[in-house]
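Visitor: Sequence first, predicted coordinates after that:
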Amino acid sequence: GLFPDANFAAVQGGSSYVYLKKTDEAMQFVGIKGDFHYDTFQIDAAVKFLPPQSVIRFPAQLNNAYSETTRQIAQTTGAALDAPTIDSVRVIRNTQRSVVIDAYGTLTLPIGSFETLRFSETEIRRDSVFILLGGLGWQHYDLTGQGVLPDTSIFYNWWTNEGDLSFPLFQLEFSET
């Protein structure tokens with residue numbers, strides 16, 4: 001298979017599959033297969049996370065913190081992008097994440113009240129696009145004309161383990177480009 005380390009999978013958005021690895025230490029993304037939108041084009045591709053990216057680390061406790069860097073790689077043919085003069089296109093995303101479990105308390109939602117931990121996550125992403133023309137080697141393609149610029153997102157996720165709900169109940173996201 002595409003992701004031999006995965007021992008769990010989930011449907012995302014109806015047309016993509018997320019592959020995860022769950023161990024006693026963490027649940028991690030190892031890959032995604034499906035349709036992706038990047039800038040002005042859409043590709044059907046498999047994305048590998050090298051190394052896997054943590055969804056949650058165990059045990060999750062107040063004041064735990066960690067940082068990690070991952071690389072996600074997607075590749076497709078030029079023909080798939082309606083660009084037959086291009087052999088292949090590769091998109092590489094480098095992601096730096098910092099996660100801190102910085103609060104706890106009761107979160108009340110329409111479905112009930114739950115004891116939660118809040119995870120504050122800062123994610124800095126840098127995307128690079130490479131093209132292969134005539135088999136002459138990969139060349140960097142600058143979509144913006146400004147080089148590889150970072151995108152920063154800040155996420156606040158409220159997690160619970162009550163009632164067999166081991167996932168974020170609520171998420172806020174703030175992005176700056």
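Guide: Yes, it's here.
Visitor: which residue sits farthest out from the middle of this structure?
Guide: Each residue of the chain has a distance to the centre, and by CA atoms, centre = their mean the biggest one is for Gly134: 31.4 Å.
Visitor: can you pull the contacts of the closest residue to that residue other than its chain neighbours?
Guide: With sequence-adjacent residues excluded and distances taken as CB to CB, 6 or more residues apart in numbering, Gly134 is closest to Asp87, at 6.9 Å. C-beta coordinates here come from the backbone N, C-alpha and C atoms, glycine included. Applying CB atoms under 8 Å, 6 or more residues apart in numbering, we find Asp87 in contact with 77-78, 131-135.
Visitor: Please repeat the previous calculation with a cut-off of 10 Å.
Guide: Asp87 makes contacts with 77-79, 131-136, 138, as judged by CB atoms under 10 Å, 6 or more residues apart in numbering.
Visitor: Ile73 too?
Guide: For Ile73, the set of contacting residues under the criterion of CB under 10 Å, 6+ apart consists of 31, 45-50, 90-93.
Visitor: With Asp87 as the reference, measure out to it.
Guide: Between Ile73 and Asp87 the distance is 16 Å, computed by CB to CB, to the nearest Å.
Visitor: Could you do Ile43 as well?
Guide: Taking CB to CB as the measure, Ile43 and Asp87 are separated by 14 Å.
Visitor: between the contacts of Ile73, which is nearest Asp102?
Guide: Within those, proximity to Asp102 (CB to CB) peaks at Phe49, which comes in at 24.9 Å.
Visitor: List the buried residues in whichever strand or helix holds the closest one.
Guide: Assigning secondary structure by DSSP states H and E places Phe49 in strand 41-57. Across strand 41-57, burial judged by 16 or more other CB atoms under 10 Å covers 43, 45-49, 52-57.
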